[in-house]
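Visitor: all I have is the shape, not the residue letters:
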């Protein structure tokens, strides 16, 4: 089964939101989103719904969904509501316990990439990153 049709619109919305992020975060986020959506393209219905729910921005859903959180943080940054905007959320131990080993590995890779000192992340057409 393929992911529902709303996935394409959500994918585009997230990439549009990323345009407001600092350049290195945008590159990292774009690469991650593209990989995740590609991996879940053929997910079964239950997994596809769970996947989309985590990424979706909706007024009906509480904060905690990726697109909703990033959108709110971009707004706060533009309004200078915080001295320095930190993007993303702190994952709870409960949430981490729900992750599969593969997901924990992905989070570790993402954290390592995001916290490299003074490194600009650039993405080439073949999705390999260069320094």
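Guide: Now that the structure is in, tell me what you want to look at. Only a predicted model underlies this, so the values are computations on that prediction, with no experimental measurement involved.
Visitor: got the end-to-end distance for stretch 16-24?
Guide: Terminal residues of stretch 16-24 lie 15 Å apart, using C-alpha to C-alpha, to the nearest Å.
Visitor: and the strands in this structure?
Guide: Counting by DSSP state E, the chain has strands at residues 122-123, 129-130.
Visitor: quick check: mean pLDDT across the last one?
Guide: For strand 129-130, the per-residue pLDDT values average out at 42.
Visitor: mind checking pLDDT for residue 16?
Guide: 93.
Visitor: check residue 30 too.
Guide: With respect to pLDDT, residue 30 scores 92.
Visitor: count the neighbours of the closest residue in space to it that isn't next to it in sequence for me.
Guide: Distances taken as C-beta to C-beta, 6 or more residues apart in numbering place residue 18 nearest to residue 30, at 5.5 Å, with adjacent residues excluded. For glycine as for every other residue, the C-beta is placed from the backbone atoms N, C-alpha and C. Using other C-beta atoms under 10 Å, residue 18 has 18 neighbouring residues.
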